[in-house]
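Student: Here is my input; please provide its structure:
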Amino acid sequence: MGKYFGTDGVRGEANVTLNASTAFQIGKFLGWYYGNGKSCRIVIGKDTRRSSYMFEQALAAGLVSTGADAYFLHVTTTPSVSYAVRTEDFACGIMISASHNPYYDNGIKLLNGYGEKLEESVIEKIEQYIDGQFEIPFAKRERIGRVVDFSAGRNRYIGHLISIPTKSFKGVRVGLDCANGSASSIAKNVFDTLGAKTYVINDGPDGTNINNNCGSTHIEGLCQLVRNEGLDIGFAYDGDADRCLCVDSHGEVISGDGILYAAGKYLKSKGRLQNDTVVTTVMSNYGLYKAFDEAGIRYETTPVGDKYVYECIQKNNYSLGGEQSGHIIFSRFANTGDGILTSLMVMDMVIASKKRIEDMVKGFTVYPQVLKNVTVGDKTAAMEDPDVQAAIEKEAKRLGDDGRILVRASGTEPLVRVMVEAGTEEICENSVDEVIFVLRKKGHITV
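Tutor: As a prediction, the model looks like this:
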C-alpha cells in the first residue's frame, strides 16, 4: 500500500482527509498520463453519497484540464465501470465510492484499461505528483478536453447482466437489499426483466442513507423481509454493489464463503471449475477448506483483498474466487467482484439444479471463530518476536487438523489481530488468549 492509496483506492472522510483538491490532482494526472500528449477517453462512475457529486466534478475538471474527455456514467456500480472500460476502449476508469463505509466517507477507485485494479507503478507516480515531486502542464485551446454524458454505458451493462443467466427466473420470489447505494438503479430492473417476483428494500438513496443499517453489512432487514414475505431467496449488496451476501428461504445468512462453496461444487459438477480450484483469502472460514477437501475441490489462499484474489485467478486462469465478505469473482464474466452478477449466478445455479440455496451449501459447516485485536507499540517487532512466533506455532500444533490460528498486523492501525477457528468457541478463546498473554508478557501491548 502507498502513502495515500490502499488496496482499493484512496479513501477518507469527505473534505476532511479526502477533498476535491486531491480529486482534481488525480484527474489531472490521469488525463496527462494516459493522454501522453494527445486526447484520451476516461469513464467515471459514482455511488449515491452526497459528496460523490463534488468528487465527480473535481475529477472531471482535472481530466479535461490536461486534454482528456471525461465520460459520466453517473450513479452506477463499480463493476459496471470495469465493464465499460474493457468493452468501450476507455484508457482507464474511475469509481467514486467508499464501498460499505458510512455516507460521510468517500473514495476514488482506479481501474486500468482492462477493467482491473490500477497497477502499483502508476499509483506510485500519482502519489509522487500529489506530493509535488513534478509538475504537469495544462492543455490549451482546442486541446482542452470535454465532459460527455455516457448514461448509455450503464444501460449496456444492464443488458450484459440480463444476458448471463441461462434460465428464466419466473415464479421465484426474490428479496433485494440495495443498501440505498449503486444497486438501487440497476438490480430490480435486471431481476424483473428475468421474470422474478421482486421485493426490494433500501432503494431510496438520499445522499446520506447509503449503508445506514442496511445492505450486506447490516443484513438483518433482508432476513426479516424474507421471513415475513415467505420469499425463496434474498440478496444484499454494499454501497457500490461489488459485494453480495445471500439469505436462504429460512432467513438465514449465507456468507461469501457459502457462495464460494455452492458455486465451486456446481461449476465442478458441470466441468467448468478450472483446475478444480477456488481462490480464497486468509479470512475464509476453516470450515470452508474442510468442506472443499470433502468435495474434492482444491483451493489457493491470498492476502485479504479482492485485488489479490483476481491476481491469483488471472495468473493461473482460474474461474472462481472471492472473499467471505461477498466479493466474488466469476472470471468468465468479470475482472472484479460484482454483487449483482453474483446474485444472478446463484439464481441460475439454484434454478438449474432445482435445489434451494440452503441445500446447495449443505456440507459446509461454519467453524466457531474468535478474533481479538490488541494495540501494540511496534507491529513489526511484535510479529517478529521469536517468543510470539513460538506461541503461535504451539497453538497451531495444538489445533492440528481441527482448527487454525491466524495472527497478522493491521495494514492501517497499530493493531495485531489474533484469530482462531476451531470446533468450539472455548477452544478458540483459549488459543487466542495464549498468544495475547505472550504479547503482553513481552511488553508489546500498549493498552
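
Student: on contacts alone, who are the packing partners of the strand or helix carrying Leu59?
Tutor: If you go by DSSP states H and E, Leu59 is part of helix 50-65. Packing partners of helix 50-65 (3 or more C-beta pairs under 8 Å, 6 or more residues apart in numbering; DSSP states H and E): helix 20-35, strand 41-46, strand 69-75, strand 92-96, strand 105-111. Heads up, the C-betas are built off the backbone N, CA and C, glycines and all.

Student: That one relative to helix 20-35, how many degrees between them?
Tutor: Angle between the axes of helix 50-65 and helix 20-35 is 40 degrees (criterion: axes from the mean of the first three to the mean of the last three C-alpha atoms, to 10 degrees).

Student: between helix 50-65 and strand 92-96, how many degrees?
Tutor: Computed by the same axes, to 10 degrees, the angle between helix 50-65 and strand 92-96 is 150 degrees.

Student: picking up where we left off before, check the helices and strands packed on helix 50-65 for me and report the most buried one.
Tutor: Stretch with highest mean neighbour count among these: strand 92-96 (a mean of 28; mean count of other C-beta atoms under 10 Å).

Student: Quick one: work out the angle between that strand and strand 105-111.
Tutor: Angle, strand 92-96 to strand 105-111, by the same axes, to 10 degrees: 170 degrees.

Student: which other helices and strands contact strand 92-96?
Tutor: Where contact means 3+ C-beta pairs under 8 Å, 6+ apart, strand 92-96 is packed against helix 20-35, strand 41-46, helix 50-65, helix 78-88, strand 105-111.

Student: Residues touching the second one, excluding its own?
Tutor: By C-beta atoms under 8 Å, 6 or more residues apart in numbering, the surrounding residues in contact with strand 41-46 are 30-31, 34, 52-53, 55-56, 59-60, 63, 68-78, 80-81, 84-85, 88-97, 150, 153-154, 182.

Student: Let's have the helices and strands packed on strand 92-96 in CSV, adding distance to Gln389 and mean pLDDT.
Tutor: Output for the helices and strands packed on strand 92-96, formatted as CSV (distance: least, C-beta to C-beta, whole Å; pLDDT from 0 to 100):
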stretch, distance to Gln389, mean pLDDT
helix 20-35, 40, 97
strand 41-46, 44, 98
helix 50-65, 43, 98
helix 78-88, 38, 97
strand 105-111, 35, 96
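
Student: who does the worst-scoring helix or strand of the chain on mean pLDDT pair up with?
Tutor: Least confident helix or strand, the chain: strand 5-6 with a mean of 82, by mean pLDDT, DSSP states H and E. Paired with strand 5-6 in the same sheet, following DSSP bridges, are strand 9-13 (antiparallel).

Student: ok and the strand it pairs with relative to helix 78-88, angle-wise?
Tutor: Going by the same axes, to 10 degrees, strand 9-13 is angled at 150 degrees with respect to helix 78-88.

Student: which residues touch strand 9-13?
Tutor: 4, 18, 22, 26, 95, 98, 101, 104-110.

Student: ok, so of those residues, who is nearest Val407?
Tutor: Asn101 (26.0 Å; C-beta to C-beta).

Student: any idea which element that closest one lies in?
Tutor: Counting by DSSP H and E, no helix or strand carries Asn101.

Student: which residues touch it?
Tutor: Remark: with contacts taken as C-beta under 8 Å, 6+ apart, Asn101 is in contact with 11, 107, 211, 239.

Student: Quick one: low-confidence residue ranges for the chain.
Tutor: 1-2, 412 (pLDDT under 70).

Student: Can you spell out the domain ranges of it, please?
Tutor: Per automatic domain parsing, the structural domains of the chain span 5-152, 164-360, 369-441.

Student: what's the first-to-last distance across the second one?
Tutor: Just to be clear, that refers to domain 164-360. 21 Å (C-alpha to C-alpha, to the nearest Å).

Student: can you start the count at 285 instead of 1 from here on
Tutor: Yes, from this point I'll number from 285; that puts the last item at domain 448-644.

Student: what about Gly647, is that helix, strand or coil?
Tutor: Following DSSP: H, G, I helix; E, B strand; the rest coil, the label given to Gly647 is coil.

Student: tell me the contacts of it?
Tutor: Gly647 makes contact with 545, 549, 575, 578-579, according to C-beta under 8 Å, 6+ apart.

Student: just to revisit the earlier point, among the helices and strands packed on strand 376-380, which is nearest Gly491?
Tutor: helix 334-349 (3.5 Å).

Student: What residues of the closest one count as buried?
Tutor: 335-336, 338-349 (16 or more other C-beta atoms under 10 Å).

Student: Also stretch 423-433?
Tutor: Going by 16+ other C-beta under 10 Å, stretch 423-433 has these buried residues: 423, 429, 431.

Student: Next, the last one: phi, psi?
Tutor: Val431 has phi and psi values of phi -110, psi 130 when expressed as degrees, to the nearest 10.

Student: ok, now how distant is it from Ser466?
Tutor: Using C-beta to C-beta, to the nearest Å, Val431 is found at 21 Å from Ser466.

Student: Please name the nearest non-neighbouring residue to Ser366.
Tutor: If the residues on either side of it in the chain are set aside, Ser366 comes closest to Gly399, at 3.6 Å by C-beta to C-beta, 6 or more residues apart in numbering.

Student: Surely the one you found touches Ser364?
Tutor: No: counting by C-beta atoms under 8 Å, Gly399 sits too far from Ser364 to count as a contact (10.1 Å).

Student: give the contact list for Val484.
Tutor: Val484 makes contact with 459-462, 471-472 under the criterion C-beta under 8 Å, 6+ apart.

Student: Neighbouring strands - and their directions - for the helix or strand hosting it?
Tutor: For Val484, the host element (DSSP H and E) is strand 481-485. With DSSP bridges as the test, strand 481-485 is paired with strand 457-461 (parallel).

Student: Now do the following helix or strand past the strand it pairs with: everything it contacts.
Tutor: As assigned by DSSP H and E, the chain's next helix or strand after strand 457-461 is helix 471-477. Residues outside helix 471-477 that contact it (C-beta under 8 Å, 6+ apart): 442, 445-446, 453, 458, 460, 462, 482, 484, 487, 519, 521, 525, 624, 627-628.

Student: Distance of Tyr354 relative to Val369?
Tutor: Not Tyr; residue 354 is Ala. 13 Å.

Student: Can you name the residues that contact Arg640?
Tutor: With C-beta under 8 Å, 6+ apart, Arg640 has these contacts: 516-517, 532-533, 634.

Student: Between these, which sits nearest Glu677?
Tutor: For the contacts of Arg640, the nearest to Glu677 is Asp532 (38.7 Å; C-beta to C-beta).

Student: Relative to Val630, how far out is the closest residue to the closest one other than its chain neighbours?
Tutor: Nearest residue to Asp532 in three dimensions, chain neighbours excluded: Glu642, at 4.0 Å (C-beta to C-beta, 6+ apart). Separation of Glu642 from Val630 (C-beta to C-beta): 12 Å.
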